[in-house]
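# 3D model of this:
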Amino acid sequence: MIDIRERLNASQLQAVRATEGPVLVLAGAGSGKTRVIEYRVLHLVQSNVNPSSILLLTFTRKAAREMLSRASQHDPRCKSVDGGTFHSFAYKTLKKYGKTIGLTEGFSVLDEGDAEEAIHRCSTRLGFFDKEKRFPRKDTLRSIISMSINKAVSVGDVLKKEYPHFIEFAEDIEKLRATYAEYKLKKNYIDYDDLLLFLRLLLDTDEMKARMAGRYRYVMVDEYQDTNKLQGEITAILAEPHRNIMVVGDDAQCIYGFRGSSHENIMRFPDQYPDCRVIKLEENYRSTQSVLNVANTVLENMKNKYSKCLVSARNVTGARPQLLFFRDAVEEAECVASKIKELRDEGTTLSHQAVLSRSSYISIPLQAELARRNIPYQTFGGLKFYETAHVKDVMAHLKVLTNPKDELSWNRVLMLIDGVGPRISDRLVADILAAPSFVDIVNDVFEQQQGRRFGEGAAKLRSVLNTAYNESINVGAQLSLVLEYYAPILKNRFDDWHLRNNDLETLRQISMRYDSLEDFLADFAIEPPERGVWRVEPETPEEEKPLTLSTIHLAKGLEWDTVFLLGLIDGVLPVSFSLDYEDEIEEEQRIFYVAITRAKNNLFLTLHHEGNRGGISQFNKMSRFIDTPNVLSKLDVTGPVKLSDVALTASEPAEDIAISYDKEVLLKRLTDYLGKKPS
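Numbers count the residues shown, from 1 in each chain. As a prediction, the model looks like this:
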């Protein structure tokens, strides 16, 4: 038995011991919420609760694995706790019980790229791309449809707020959503959103409610502030029978509204459960008090929030965060790069420093300056491992083994054969989909291609699929067969095939851990590895780990000794398209808060006052989140340009002068200057 009293502070201990009934744990940034969940699982198990009756839902598989792994080190029984992401839990449940709502066994989970391609095909068949006016692109259509599902609103409501310039297509996109849903069911597909949607429908049945009530007595949800409406409803259904529900989150870190997350889920929890206990974790183990003072002050004037005040458990005041002003983006980049180098020379390695911004384009001048000075850096974002063409090629070959009706994957596989173009591929796919079984596809459809100019390639594909379809071989062996077949294609398609080949070897190693090809493909679609090794040169032992450049959204959950936050300009943070909506401005304020709380010891806030947008020069205005007496009083305002030297705000009254012009005189002067009447 572990004495948890010695390992937790008073608030953490209270949260761990609050096992019965509804509990809301408000975990401020850096307050040790992972530790709370770890020890709460341990406490339940050591209180003789059956581990398999505990359900832990998180937003990343890594988070669930880390929490349960830590708990299991104290007590091996914790390995039997059911933990994972909402989507992986949905997949597992639908595989087991999906037939009860009409799902066909052996369905395939579409990744984002394939979902976009399926939507594009449906749009084309409906004739929407033949319109005179530009119809939204497939990625935009995917985003609109996804948001309407996750927020449980109509397509029209999404368009009004997010894409008003496409409002005239509301009826067409609503029709597309219905056609896309029908297409998926016909082809035995479900996409990322369907996992939650179908789980919600499944849990609505009395039989499933009874099954879940008998299975799970304790439900815990991590990062509850990031749940969407569907996830909130699923959580409520799972907790309904026993009401032993604990949600952990921080309303001040809800920054994924663009993905459909609902800030209201965490705010409404006490209304949903009037008898719930609210426990606040306010001891911060990451940052100095000076950094936390800024973070606390930024949230002071927010309306829709839980009040809390972070206090540094390190008992270190630290240096006050600096606010630096620069003339333009070039000067900002030069000075920030100099400061980064200066800190490195003083002992803060590049890997312990990060530059964050609201949008990635803000850091482009800095990237150029870092390259000029030979300062190594890495950017978070860009093309992910699972989005690369070579990985998608290989995965398509595996997908057709589990779902012979997968026309998207068949098309990708066939187009890799020399001599097969779009028209031939469409004809072959039609024949494949008409075949009654995979065996018929391999033996009949491919057999008929002998003698054609692409016959040799078709024969090679037939051979590898025939061998890989053998259920007696494991997933790693199936993938190895496909990789052997794909090797000459890889060399022919890509000049940098030797670098991309490293990704495929990584993929093979991952596959060796799986006993089921269906599970491997589903995990890859639901929560794929993000960073591959393609385009990454091998590191030598003496190479220094690089500086990190990241958007704030991608930096959530991470921390560095020193953080530079660029572009604190109104229209950048908060971003311009949020200014008409109070709830979106508050989300921008929370984004700023998340950025501040990534810093352990040093925080630098920067902006430049000479801007250029659309070819028009302008003076930038300081972000409204800083431009308040309370926030400015917590900062050390320094830098090449003093606050008093920069006309960033209209706080100074206009001076009376002896000569003045009325509007007519001003217009005449303007007309004379331009040499013509202004339009």
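
# quick one: stretch 287-298 to chain centroid distance?
Mean-position distance between stretch 287-298 and its chain equals 26 Å (CA atoms, centre = their mean, to the nearest Å).

# My error: substitute stretch 504-520 in the last question.
Counting by CA atoms, centre = their mean, stretch 504-520 comes out at 23 Å from the chain centroid.

# Show me which residues of that stretch are buried.
By 16 or more other CB atoms under 10 Å, the buried positions in stretch 504-520 come out as 504, 506-508, 510-511, 514, 517-520. Where you see a C-beta, it was placed from the backbone N, CA and C, and this is true even at glycine.

# same deal with stretch 141-159?
Buried, per 16+ other CB under 10 Å, within stretch 141-159: 141-152, 155, 158-159.

# and what of stretch 417-436?
Here stretch 417-436 shows 417, 420, 424-425, 428-429, 432-433, 435 as buried, counting by 16+ other CB under 10 Å.

# Check stretch 84-94 too.
Buried residues in stretch 84-94, defined by neighbour count with 16+ other CB under 10 Å: 84-91, 93-94.

# what does stretch 548-568 give?
For stretch 548-568, using 16+ other CB under 10 Å, the buried residues are 548-553, 555-556, 559-568.

# swap in stretch 55-70?
55-59, 61, 63-64, 67-68, 70.

# Pull the residues that contact that stretch.
34, 37-38, 41, 78-79, 81-86, 88-89, 216, 218-223, 226, 235, 238, 523, 527 (CB atoms under 8 Å, 6 or more residues apart in numbering).

# I'd like the distance between residue 610 and residue 325.
11 Å (CB to CB, to the nearest Å).

# same question, residue 36
From residue 36 to residue 325 the distance is 41 Å (CB to CB).

# okay, these two: which has more neighbours?
Of the pair residue 36 and residue 325, residue 36 is the one with more neighbours under other CB atoms under 10 Å, namely 27 against 23.

# Which is the succeeding secondary structure element to the helix or strand that one falls within?
Secondary structure from DSSP states H and E places residue 36 in helix 33-46. Using DSSP H and E, the helix or strand that directly follows helix 33-46 along the chain is strand 54-58.

# so how far is stretch 123-137 from its chain's centroid?
Worked out by CA atoms, centre = their mean, stretch 123-137 lies 29 Å from the chain centre.

# ok, residues contacting that stretch?
Contacts of stretch 123-137 (CB under 8 Å, 6+ apart): 138, 141, 144, 163, 166, 168-169, 172-173, 175-176, 179.

# make it 7 Å
Residues outside stretch 123-137 that contact it (CB atoms under 7 Å, 6 or more residues apart in numbering) are 141, 144, 166, 169, 172, 175-176, 179.

# what packs against the strand ranked longest in the chain?
Longest strand of the chain, by residue count under DSSP state E: strand 599-608. Identification of packing neighbours for strand 599-608 by 3 or more CB pairs under 7 Å, 6 or more residues apart in numbering; DSSP states H and E yields strand 322-326, helix 329-345, strand 560-565.

# In its sheet, which strands sit next to it, and in what direction?
strand 322-326 (parallel), strand 560-565 (parallel) (DSSP bridges).

# and the first one, C-alpha only, in CSV?
Spelled out, it's strand 322-326. Only the C-alpha atoms of strand 322-326 are listed here, as CSV (Å, rounded to 0.1, in the frame of the first residue of the first chain):
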residue,chain,number,x,y,z
GLN,A,322,9.9,41.7,-20.5
LEU,A,323,7.8,43.6,-23.0
LEU,A,324,9.9,44.6,-26.0
PHE,A,325,8.9,47.0,-28.7
PHE,A,326,10.6,47.2,-32.2
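
# now the angle from it to helix 329-345?
140 degrees (axes from the mean of the first three to the mean of the last three CA atoms, to 10 degrees).

# now swap in the last one and tell me
Using the same axes, to 10 degrees, the interaxial angle of strand 560-565 with respect to helix 329-345 works out to 170 degrees.

# Next secondary structure element downstream of strand 560-565?
helix 582-596.

# Flag the shaky bits of this protein, pLDDT-wise.
1-2, 131, 381-386, 451, 471, 528-543, 611-618, 638-679 (pLDDT under 70).

# ok, the residue nearest the centre of it to residue 215 distance?
Nearest to the mean C-alpha position of the chain, counting by CA atoms, centre = their mean, stands residue 554 at 7.2 Å. In this view, residue 554 and residue 215 are 35 Å apart by CB to CB.

# re earlier: let me know which of the strands paired with strand 599-608 is the nearest to residue 478.
Nearest to residue 478 among these is strand 560-565 (41.4 Å), distances taken as CB to CB.

# Give me the contact list for the closest one.
336, 343, 348, 352-356, 595, 598-606.

# Just the buried residues from those, in ChimeraX please.
To isolate the buried subset of the contacts of strand 560-565 in ChimeraX, counting by 16+ other CB under 10 Å, use the following:
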select :336,343,348,352,353,354,355,356,595,598,599,600,601,602,603,604,605,606
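
# Count the neighbours of residue 586 for me.
Other residues close to residue 586 by other CB under 10 Å number 22.

# correction: residue 299
Going by other CB under 10 Å, the residues that sit close to residue 299 add up to 22.

# can you pull the contacts of residue 226?
Here residue 226 is in contact with 59, 254, 256, 261 (criterion: CB under 7 Å, 6+ apart).

# can you tell me which of these are in helices?
Among these, no member is found in helices (DSSP state H).

# most surrounded residue in the residues you listed?
residue 254 (27 neighbours).

# Tell me the one of the contacts of residue 226 nearest residue 245?
residue 59 (16.9 Å).

# now residue 351: how far from residue 34?
On the measure of CB to CB, residue 351 and residue 34 end up 22 Å apart.

# go on, residue 139?
Taking CB to CB, one finds residue 139 at 34 Å from residue 34.

# Repeat that for residue 168.
48 Å.

# Of the two, which one has the most company?
residue 34 (16 against 11).

# Let me see the contact set for residue 571.
Per CB under 7 Å, 6+ apart, neighbours of residue 571: none.

# re earlier: where strands are concerned, which of the contacts of stretch 55-70 count?
Per DSSP E, the contacts of stretch 55-70 map to strands at 82-85, 218-221.

# so can I have CSV of the contacts of stretch 123-137 showing secondary structure and distance to residue 314?
Shown next, in CSV, are those (DSSP: H, G, I helix; E, B strand; the rest coil; distance: CB to CB, whole Å):
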residue, secondary structure, distance to residue 314
141, helix, 49
144, helix, 46
166, helix, 50
169, helix, 54
172, helix, 57
175, helix, 57
176, helix, 54
179, helix, 57
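
# of these, closest to residue 461?
Among the contacts of stretch 123-137, and counting by CB to CB, the member closest to residue 461 is residue 179, at 30.8 Å.

# Now the closest one: closest residue in space that isn't a chain neighbour?
Leaving aside its chain neighbours, residue 179 sits nearest to residue 122 (4.8 Å; criterion: CB to CB, 6 or more residues apart in numbering).
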